[in-house]
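Student: any chance you can model this:
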Amino acid sequence: MLIAGPTHTADTLRTEKSTAKKAAELEFVPTNLMVHSFHTSLTFSEKAAAPESASSDLGLPQALLPTQNPEPPLMWLISAGATSAHAISFKSGGLRKLRNEVAFARRQLDAVLEGGLPDGNTEADTARQRTYEQLALGIEVLDINIERRTDVVISQGISVVVASFFAALDSVVSGSSRPGQEQLHYEHQFLSALERIGYLVQLESLLSTRGSELHMLEDVAGTVRALNAARLELLCTRHEGDNSCLGVSEARAENGATRLVIRLGLRADCYDALPRRIRRRIGDGAEHVLVGVTTVLFTQGVNEQQSMANKIGSSDVRLQDAINRENLQTMGLFRERLEATRGDAGPWQHDEPNWDDLQALEENLQAQVATGANLGEKHVGILLSAESLVRGLGGGRMTHCKSGKDRTGMSITLEETRALEDFLSEQKYQLAQPKAQVIGTLRSYGVRRENVRLNTGQDRYAFNQVQLKFLPADYRPPANAYGSSIS
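Tutor: Okay, the predicted model is just below:
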C-alpha cells in the first residue's frame, strides 16, 4: 500500500530547477536538490489484515491514501544535479582535467628551470625564456580557472553534505518516536561511526563519459577532492531563528594544510542526539562537536551516450574505472579506521558495528569494481554494492545525473525498493508482488515523477523509445511515465 505525503507546488519548491542550471545568478546553488523521506509501515487495515494482502494492492492508484501522521522514515534520500560549473561551460574541461593539465605544465616549467632562469643572452636562452613565459602564463590562466570552478562546485557540494547529514540526524531524532523507541540499523551505524571517526558521504554518479557529461564528472571528482578535508562544526542554537552560528570558514590544520570548516546550528533535540563522547566545551558553558567528513564518489554511466562511448572504445571511459578504484581505496581506509576502534573500551554510547558484515560488503564492492576494467559494458553492480556498504557504514548518500531527475529518479526508486525488501526481510516478510512492479509503482505515482513535473512542467521522464533500449533493465521507466523532451 502506498501512502501519499504532502503535495508541493512550484511556489513551495525551494531549489534551482533543472532548466535553470546554466543561470549565472544561481551557479553556486545545487541543481534540483531534493531531500525526501521513505516511510514503511507494518500496521494494516481491517481490509488488509496480513502483509501479503496489504502489499497486493501495491501499484494501484486507489492505494494512494493521504496521511498527516506517517511513521518515522525508513530512510532519507538525497538527489541533485551534478555538482558542476554549468554556467562557466565545459570548453576547457572539468576540474579533474584542469588540475592534471596544470600539474603537467608545472613539471614542464621545472624542466625549463633546471638550468637556471633564462636571461636571453643566447639564442637557446631566448627560446627557453619564451617557453618559460608561455608556460607561466598558461599556469596562471589554469589556476584562475581552477579556483573559479572550485568555488562553484564546493558551494554546491557543501549543500549536499549538509543536507545528507541533517537527514541522517533527523532520522535518529524522529526515530525515537517509534514504538518501543527501536533504533534502525542505519541509525545505529551512523551514530557509531560518528563517535568513533566521523561522517562518510557518498556521491553516486550516473553521468556518462561522453561530451559535456564527461567534464561534469570531472567537476564532481573535483568536488569530492575539495570536500575530503572538510569538517562539520556543530553547535546548539539557543532559540528558534538563531542563525548566528551558521557559516563556512577555513582553518589551518596541524600539518599546515587548509581545512574547510562548515559551521551548523542544531536544535536542542538534534544536538542532544549526538554522542556525548564527542562534545567539547568551548567556554562560557557552551559546547560544540567537530566531525571529520570523508567524501567518496562511485560512478557508472547508464544512458545511450555511455553505450556509444563503450562501443567506440573511447579512452575517456577509463575515467570511470580510475575514479571507482581511487574511491574504493578511500572507502576501505574509512572502514579500516573504524575497525581500528574494535575492542576499544570507549566508553562508547553505541555498540560496535558487525565487522564481518562490513568486511563482506567491502569485498563485494572490490569484486564489482574489478569488473570495471572491462570497459565495454555497464557495471551498475558497482553502484548497488557501494550503496550497500555506505549504508552499512552509517554514511550519507546523494544520487545525481546531469539534472537530478530522470536517470536519478530511476536509481532512487531502485534504492527504495531494495531498502523495502531488506526491511521486510528483517520483519520476516517479503514483497507479495514482483520487484519490478513495486519499482514501477514508485516511478509512476511516487515523488520522483512529481519532481520531474516541478522542474519541467511535464510529468513524464525525459526518455524516448531509442534511449530506453540502452538503459539497464532496472533503470527503465514504466510505459506510461516517459516521453518528455525537456531535460
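Student: which residues touch the closest residue to Phe463 other than its chain neighbours?
Tutor: Leaving out its chain neighbours, the residue that sits closest to Phe463 by C-beta to C-beta, 6 or more residues apart in numbering is Tyr482, at 4.4 Å. Placement of C-beta: from N, CA and C, glycine included. Shown in contact with Tyr482 (C-beta atoms under 8 Å, 6 or more residues apart in numbering): 460-464, 468.
Student: apply 7 Å and report the result again.
Tutor: Counting by C-beta atoms under 7 Å, 6 or more residues apart in numbering, Tyr482 makes contact with 460-461, 463, 468.
Student: same thing with Ala367?
Tutor: With contacts defined as C-beta under 7 Å, 6+ apart, Ala367 is in contact with no residue.
Student: hmm, try it at 8 Å
Tutor: Residues near Ala367 by C-beta under 8 Å, 6+ apart: Ser385.
Student: check Arg281 too.
Tutor: Glu287.
Student: tell me the phi and psi of it?
Tutor: Dihedral pair for Arg281: phi -80, psi 140, per degrees, to the nearest 10.
Student: just Ala373 next, same as before
Tutor: Dihedral angles phi and psi of Ala373 (degrees, to the nearest 10) take the values phi -60, psi -20.
Student: mind starting the numbering at 49 from now?
Tutor: Sure, I'll start numbering at 49, so the last one becomes Ala421.
Student: helix, strand, or coil at the residue nearest to it when sequence neighbours are not counted?
Tutor: In space, and not counting its chain neighbours, Ala421 is closest to Asp369: 6.1 Å by C-beta to C-beta, 6+ apart. Following DSSP: H, G, I helix; E, B strand; the rest coil, we place Asp369 in the helix state.
Student: quick one: contacts for Asp369?
Tutor: 417, 420-421, 423.
Student: Glu266 is in contact with Asn148, isn't it?
Tutor: No - applying C-beta atoms under 8 Å, one finds Glu266 not in contact with Asn148, separated by 9.1 Å.
Student: these two: who's more crowded?
Tutor: A count of neighbours by other C-beta atoms under 10 Å puts Glu266 above the other of Glu266 and Asn148, at 26 against 12.
Student: would you say that one is within a helix?
Tutor: Yes - judged by three-state DSSP, Glu266 forms part of a helix.
Student: okay, it: pLDDT?
Tutor: pLDDT, Glu266: 97.
Student: low-confidence ranges in the stretch 99-248 of the chain?
Tutor: Low-confidence segments of the stretch 99-248 of the chain (pLDDT under 70): 99-119, 166-168, 223-231.
Student: how about the strands in it?
Tutor: With DSSP state E, counting those that start in this stretch as the criterion, the stretch 99-248 of the chain has strands at 113-114, 123-129, 247-253.
Student: could those strands go into a markdown table alongside distance to Gly380 and mean neighbour count?
Tutor: Formatted as a markdown table, the strands of the stretch 99-248 of the chain follow (distance: least, C-beta to C-beta, whole Å; neighbours: other C-beta atoms under 10 Å):
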| stretch | distance to Gly380 | mean neighbour count |
| --- | --- | --- |
| strand 113-114 | 44 | 10 |
| strand 123-129 | 23 | 25 |
| strand 247-253 | 12 | 27 |
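Student: so which of these comes closest to Asn503?
Tutor: strand 123-129 (9.6 Å; C-beta to C-beta).
Student: what helices or strands is the closest one leaning on?
Tutor: strand 82-86, helix 171-223, strand 444-449, helix 454-474 (3 or more C-beta pairs under 8 Å, 6 or more residues apart in numbering; DSSP states H and E).
Student: need the winner for burial among those.
Tutor: When you average the neighbours per residue for each of the helices and strands packed on strand 123-129 (mean count of other C-beta atoms under 10 Å), strand 444-449 leads with a mean of 28.
Student: for it, which strands pair with it and how are they oriented?
Tutor: Strand 444-449 has its sheet partners listed here by DSSP bridges as strand 123-129 (parallel), strand 247-253 (parallel).
Student: could you dump those to a markdown table with distance to His84?
Tutor: Shown next, in a markdown table, are the strands paired with strand 444-449 (distance: least, C-beta to C-beta, whole Å):
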| stretch | distance to His84 |
| --- | --- |
| strand 123-129 | 6 |
| strand 247-253 | 16 |
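Student: closest one to His336 among these?
Tutor: Of all the strands paired with strand 444-449, strand 247-253 comes closest under C-beta to C-beta, at 15.1 Å.
Student: any chance you could list what contacts the closest one?
Tutor: Contacts to strand 247-253, defined as C-beta under 8 Å, 6+ apart, come from residues 130-131, 208-209, 212-213, 216, 241, 265, 268, 271-272, 275, 280, 339-348, 379, 382, 431, 434-435, 438, 441-449, 459.
Student: and the angle from it to helix 171-223?
Tutor: Strand 247-253 runs at 110 degrees relative to helix 171-223, counting by axes from the mean of the first three to the mean of the last three C-alpha atoms, to 10 degrees.
Student: quick one, strand 247-253 and helix 454-474 angle?
Tutor: Counting by the same axes, to 10 degrees, strand 247-253 lies at 130 degrees to helix 454-474.
Student: for strand 247-253, the distance to its chain's centre please.
Tutor: Distance of strand 247-253 from the chain centroid (C-alpha atoms, centre = their mean, to the nearest Å) equals 4 Å.
Student: again with stretch 173-193
Tutor: 38 Å.
Student: dump it to PDB, keeping only the CA atoms.
Tutor: C-alpha atoms of stretch 173-193 as PDB (Å, rounded to 0.1, in the frame of the first residue of the first chain):
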ATOM      1  CA  ASP A 173      68.300  31.100 -23.800                       C
ATOM      2  CA  THR A 174      65.800  33.300 -25.800                       C
ATOM      3  CA  ALA A 175      63.900  30.100 -26.800                       C
ATOM      4  CA  ARG A 176      63.900  28.900 -23.200                       C
ATOM      5  CA  GLN A 177      62.700  32.300 -22.000                       C
ATOM      6  CA  ARG A 178      59.900  32.300 -24.500                       C
ATOM      7  CA  THR A 179      58.900  28.700 -23.400                       C
ATOM      8  CA  TYR A 180      59.100  29.800 -19.700                       C
ATOM      9  CA  GLU A 181      56.800  32.800 -20.300                       C
ATOM     10  CA  GLN A 182      54.300  30.800 -22.200                       C
ATOM     11  CA  LEU A 183      54.200  28.100 -19.500                       C
ATOM     12  CA  ALA A 184      54.000  30.600 -16.700                       C
ATOM     13  CA  LEU A 185      51.100  32.400 -18.400                       C
ATOM     14  CA  GLY A 186      49.300  29.200 -19.100                       C
ATOM     15  CA  ILE A 187      49.700  28.100 -15.500                       C
ATOM     16  CA  GLU A 188      48.300  31.400 -14.300                       C
ATOM     17  CA  VAL A 189      45.200  31.100 -16.500                       C
ATOM     18  CA  LEU A 190      44.700  27.500 -15.400                       C
ATOM     19  CA  ASP A 191      45.000  28.500 -11.800                       C
ATOM     20  CA  ILE A 192      42.400  31.200 -12.200                       C
ATOM     21  CA  ASN A 193      40.000  28.700 -14.000                       C
END
